[in-house]
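**Q** Have a look at this prediction, sequence included:
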Amino acid sequence: MDITGNGPIALAERRLNWAEGRQRVLAQNIANADTPGYRAQDVRPFAQVLANTRNPPLSVTQPGHVASVGGVLRPRADRNTQERTPDGNTVSLDEQALRMADTNGDHELAMNLHRKYLTLFRTALGRTS
């Protein structure tokens, strides 16, 4: 196993954490689809998260702070929103549903990679289950 935390299993786990955080933010967008003035949010793409791995994670110093993995899962205003309702809401349910489906695919891919690598290690160790 890679003790540095940069191997395929660690990468799959980071992708899973990212997908979980994004699902949480997208679910919040959908829940606020009818809230006047609510602005849709999203997290940074996973590629940007990987590019910024040199930065240390932010510390949670107060109980009310929201913890994030490496400080990158903080929701931010979604700059790609194209629609705005007269009450100022920028949530498009169609767009959020597509993003949820993409994120579910990312989660499934990371889970499959994680399972495959664990199976590979079990096989190398002579274990079948």
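**A** That came through, no problem.
**Q** could you pull out the helices for this structure?
**A** Per DSSP state H, the chain carries helices over the ranges 8-31, 46-51, 93-124.
**Q** Reformat these into a markdown table and put mean pLDDT next to each item.
**A** Formatted as a markdown table, those follow (pLDDT from 0 to 100):
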| stretch | mean pLDDT |
| --- | --- |
| helix 8-31 | 91 |
| helix 46-51 | 84 |
| helix 93-124 | 91 |
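**Q** and of the ones you listed, who's closest to Asp78?
**A** helix 8-31 (7.9 Å; CB to CB). (Each C-beta comes from the backbone N, C-alpha and C, glycine too.)
**Q** quick one, which of the helices of the chain is packed in tightest?
**A** helix 8-31 (a mean of 18; mean count of other CB atoms under 10 Å).
**Q** Check which helices and strands that helix sits against.
**A** strand 41-42, helix 46-51, helix 93-124 (3 or more CB pairs under 8 Å, 6 or more residues apart in numbering; DSSP states H and E).
**Q** how about these, which one is nearest Ala77?
**A** strand 41-42 (6.2 Å).
**Q** rewinding a little: now that we have the helices and strands packed on helix 8-31, can you turn them into JSON lines and tack on distance to Asn29?
**A** Listed next are the helices and strands packed on helix 8-31 as JSON lines, based on distance: least, CB to CB, whole Å:
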{"stretch": "strand 41-42", "distance to Asn29": "6"}
{"stretch": "helix 46-51", "distance to Asn29": "18"}
{"stretch": "helix 93-124", "distance to Asn29": "5"}
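**Q** ok, back up a step: would you tell me which of the helices of the chain gets closest to Ala40?
**A** Here helix 8-31 is closest among the helices of the chain (CB to CB), at 4.9 Å.
**Q** export that closest one as PDB, just CAs?
**A** Taking C-alpha atoms only, helix 8-31 is exported to PDB below (Å, rounded to 0.1, in the frame of the first residue of the first chain):
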ATOM      1  CA  PRO A   8      -5.100   5.100  -6.200                       C
ATOM      2  CA  ILE A   9      -7.000   4.200  -3.100                       C
ATOM      3  CA  ALA A  10      -6.300   7.600  -1.500                       C
ATOM      4  CA  LEU A  11      -7.300   9.300  -4.800                       C
ATOM      5  CA  ALA A  12     -10.600   7.300  -4.900                       C
ATOM      6  CA  GLU A  13     -11.300   8.300  -1.300                       C
ATOM      7  CA  ARG A  14     -10.700  11.900  -2.100                       C
ATOM      8  CA  ARG A  15     -13.000  11.700  -5.100                       C
ATOM      9  CA  LEU A  16     -15.700  10.100  -2.900                       C
ATOM     10  CA  ASN A  17     -15.300  12.900  -0.300                       C
ATOM     11  CA  TRP A  18     -15.600  15.500  -3.100                       C
ATOM     12  CA  ALA A  19     -18.700  13.800  -4.600                       C
ATOM     13  CA  GLU A  20     -20.300  13.700  -1.200                       C
ATOM     14  CA  GLY A  21     -19.700  17.300  -0.600                       C
ATOM     15  CA  ARG A  22     -21.000  18.300  -4.000                       C
ATOM     16  CA  GLN A  23     -24.100  16.200  -3.500                       C
ATOM     17  CA  ARG A  24     -24.800  18.100  -0.300                       C
ATOM     18  CA  VAL A  25     -24.400  21.500  -2.000                       C
ATOM     19  CA  LEU A  26     -26.600  20.500  -4.900                       C
ATOM     20  CA  ALA A  27     -29.300  19.100  -2.600                       C
ATOM     21  CA  GLN A  28     -29.300  22.500  -0.800                       C
ATOM     22  CA  ASN A  29     -29.800  24.200  -4.100                       C
ATOM     23  CA  ILE A  30     -32.700  22.000  -4.900                       C
ATOM     24  CA  ALA A  31     -34.200  22.500  -1.500                       C
END
